[in-house]
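S.K.: Pasting the sequence and the predicted model now:
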Amino acid sequence: MQSTLVILKPSCVQRNLIGEVISRIEKRGIIISAMKMMQLDEKILREHYAHLVDKPFFPSLAQSMMASPVICMVLKGVDIVEVFRKMTGVTNGRKAEPGTLRGDFCMSGQANIIHASDSPENAEIEINRFFRPEEIFDYTPATLQYIYGDGEN
Ligand code: UDP
Ligand code: MG
C-alpha cells in the first residue's frame, strides 16, 4: 500500500473541523499510520513550500500556517496519494467541488484547511520531513478484509 502526508492546517484546527475531517478519513476506509500535533516554524515551511517561496503570497501563507498548531498525519491505502488529493479538492476552496473536504468546509484559496501530498515521490519526502520512523505505526486494521476485495490490497 501507498502512504501520503496530510496536514490539518490552522484553518482546520481553529474552526473545530479536526473531528469532521478525521471522521471522513475513517469512514472512507483509509488507514491512519501516524498522527501528531505540531507548531510549524519558518524553517520547515520554507522546505515544505519550496515551490512557493518566491511568490508574493509566501509571507502570508507562512503566517497562516504558523497561526496555531497543526495536525500532521500519515495516511495509508491503495493509490492513497491520488485518492486523497481527490478527497481534498482543488486549491481554492471556492472552486472545489462539493463533496470534497475543501469544497464542503472552506471558502478560501489560502485558509483551505488541509494539505495533501501531490505525488508518491513528494509523499515520501514530506513524510520524512514531518515524522521520525518510530512515530509511524505499521498495523493491520481488523476491518481490512471489508475495506478491500480479495487481492485488491
Ligand atoms: N496558496 C495561496 N495562494 C495561492 C496559491 C496557494 O495562499 O495563490 C497556498 C494555499 O494554502 C495552498 C498552498 O499555498 O494550499 C500550497 O499551494 P499548492 O499550489 O501546492 O496547492 P495545494 O497542493 O495545497 O492544493
Ligand atoms: Mg501542493
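M.R.: Noted; the coordinates are in hand. Ligands and ions are numbered 1, 2, ... in the order given.

S.K.: Show me where the chain has its strands.
M.R.: With DSSP state E as the criterion, the chain has strands at 2-8, 31-38, 70-77, 114-116.

S.K.: What residues does this protein have near ligand 1?
M.R.: L52, F57, L61, T91, G109, Q110, N112, H115, D118 (Cβ under 6 Å from any ligand atom). For the C-beta atoms, the positions are set from N, CA and C on the backbone; glycine is no exception.

S.K.: Now rank those by neighbours and give me the top one.
M.R.: N112 (24 neighbours; other Cβ atoms under 10 Å).

S.K.: residues touching it, list them.
M.R.: K9, S11, T91, N92, G93, A96, R102, C106 (Cβ atoms under 8 Å, 6 or more residues apart in numbering).

S.K.: and what of V90?
M.R.: So V90 contacts A96, E97, T100, R102 (Cβ under 8 Å, 6+ apart).

S.K.: measure the last one to I125 for me?
M.R.: R102 is 23 Å from I125, where distance means Cβ to Cβ, to the nearest Å.

S.K.: Just send the contacts of N112 back as TSV, with pLDDT too.
M.R.: Supplementary listing: these in TSV, determined by pLDDT from 0 to 100:
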residue	pLDDT
K9	99
S11	98
T91	98
N92	98
G93	98
A96	98
R102	98
C106	98
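
S.K.: Taking these, please make a PyMOL selection of just the buried ones.
M.R.: In PyMOL, this line selects whichever of the contacts of N112 come out buried by 16 or more other Cβ atoms under 10 Å:
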select buried, resi 9+11+93+96+102+106
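
S.K.: With distance to E42 added, can I get the contacts of N112 in JSON lines?
M.R.: Output for those, formatted as JSON lines (distance: Cβ to Cβ, whole Å):
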{"residue": "K9", "distance to E42": "16"}
{"residue": "S11", "distance to E42": "18"}
{"residue": "T91", "distance to E42": "22"}
{"residue": "N92", "distance to E42": "24"}
{"residue": "G93", "distance to E42": "24"}
{"residue": "A96", "distance to E42": "28"}
{"residue": "R102", "distance to E42": "25"}
{"residue": "C106", "distance to E42": "24"}
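
S.K.: The nearest residue to F137 once chain neighbours are set aside: neighbour count?
M.R.: By the measure of Cβ to Cβ, 6 or more residues apart in numbering, the closest residue to F137 outside its immediate chain neighbours is S33, 5.7 Å from it. Per other Cβ under 10 Å, the neighbour tally for S33 reads 20.
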